[in-house]
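Undergrad: model this:
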Amino acid sequence: MAVALEVRHLSFHYPDGTAALHDVSLRVEEGERVAVIGPNGAGKSTLFFHLNGTFRGEGEIIVRGRPLTDKTLYEVRRTVGLVFQDPNDQLFMPTVFEDVAFGPMNLGCSETDVRDRVLRALKQVGMEGSEALIPHHLSLGERKKVALASVLALEPAILAFDEPSSGLDPRSRRALIEFLKSLPQTILIATHDLDLVLDLCRRAVIIDAGRIVYEGKVPQIFDQESLLKSHGLEKPLKLQR
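TA: Residues are numbered from 1 along each chain as shown. As a prediction, this is how the structure comes out:
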């Protein structure tokens, strides 16, 4: 299969000198759904912020065969859609329509194309008819849907989700999983929700202290309980019964 995304020997230090990533390498094929799991502070979010050039460390990011550089940054950000853990970090416009339209407008899409993208993305996440609503008056689950729509409106080939099920009630969480299963894009998910990983992904990567320490197939990786425990993880509840 074609390679959608490749991370080669990526290292990153924050401005205060804190080392966040150490020689991280990862390869994701087109159409894969891959989980990146690990304890708090492991480097999951930091890694994801590199995938569309929000952070720039030492090493290489290659997106669909194109290295991430200053010249390709715009195209990479059209290709890799990053969905934040907290939708409030992603929603900042007065109405739902304006939030979802922001990305396509900045791509230079025509007014008609912007409207079509917004309506299509909102329908895709089940939020059609919400265009005039104020995002911060919505429930957490609804805000997460609008944040996702704002990324889908860019029509990215790769989606990276940071803790997508965080804060959701069981019904919303189940709806999210079924929705993610329906998407054709290549998907990466940073999460503590190992039951979500079990339902959705065929491969998982464990990251801890900024290093990838293990990579394996799902569900086989969850048979290694001592490995999970040593990196602050527990076997999915479904497999504990």
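Undergrad: With only the CA atoms kept, save the helix or strand bottoming out on mean pLDDT in the chain in PDB.
TA: Per-element confidence for the chain was summarised using mean pLDDT, DSSP states H and E. The lowest value among helices and strands belongs to helix 237-240, with a mean of 84. This file holds the C-alpha atoms of helix 237-240, laid out as PDB (Å, rounded to 0.1, in the frame of the first residue of the first chain):
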ATOM      1  CA  LEU A 237     -12.400  -3.300  29.800                       C
ATOM      2  CA  LYS A 238     -14.000  -5.500  27.100                       C
ATOM      3  CA  LEU A 239     -11.000  -7.800  27.300                       C
ATOM      4  CA  GLN A 240     -11.100  -8.000  31.100                       C
END
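Undergrad: Would you mind listing the outside residues contacting that helix?
TA: Counting by C-beta atoms under 8 Å, 6 or more residues apart in numbering, helix 237-240 makes contact with 195, 198, 219, 222, all of which sit outside it. For every residue, glycine as well, the C-beta is placed using N, CA and C.
Undergrad: Now do the contacts for the first one.
TA: Shown in contact with residue 195 (C-beta under 8 Å, 6+ apart): 236-238.
Undergrad: ok, for it, nearest residue in space, not its chain neighbours?
TA: Beyond its immediate neighbours in the sequence, the residue positioned closest to residue 195 (C-beta to C-beta, 6 or more residues apart in numbering) is residue 236, lying 4.5 Å away.
Undergrad: Got the domain ranges for this protein?
TA: What automatic domain parsing lists as the domains of the chain is 3-64+157-240, 88-154.
Undergrad: what's around the residue lying closest to residue 1 once chain neighbours are set aside, how many residues?
TA: By the measure of C-beta to C-beta, 6+ apart, the closest residue to residue 1 outside its immediate chain neighbours is residue 29, 4.3 Å from it. Neighbours of residue 29 under the rule other C-beta atoms under 10 Å: 14.
Undergrad: how about the strands of this structure, start to end?
TA: Counting by DSSP state E, the chain has these strands, from start to end: 3-13, 19-29, 33-37, 58-63, 66-67, 80-83, 158-162, 186-190, 203-208, 211-217.
Undergrad: got the buried residues for the last one?
TA: The reference is to strand 211-217. Along strand 211-217, these residues count as buried under the neighbour rule (16 or more other C-beta atoms under 10 Å): 212, 214-215.
Undergrad: In JSON lines: the residues you listed, plus pLDDT and distance to residue 53.
TA: Supplementary listing: the buried residues of strand 211-217 in JSON lines, determined by pLDDT from 0 to 100; distance: C-beta to C-beta, whole Å:
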{"residue": "212", "pLDDT": "97", "distance to residue 53": "20"}
{"residue": "214", "pLDDT": "96", "distance to residue 53": "27"}
{"residue": "215", "pLDDT": "96", "distance to residue 53": "24"}
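Undergrad: could you redo the residues you listed as JSON lines and give each row distance to residue 90?
TA: Supplementary listing: the buried residues of strand 211-217 in JSON lines, determined by distance: C-beta to C-beta, whole Å:
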{"residue": "212", "distance to residue 90": "27"}
{"residue": "214", "distance to residue 90": "31"}
{"residue": "215", "distance to residue 90": "29"}
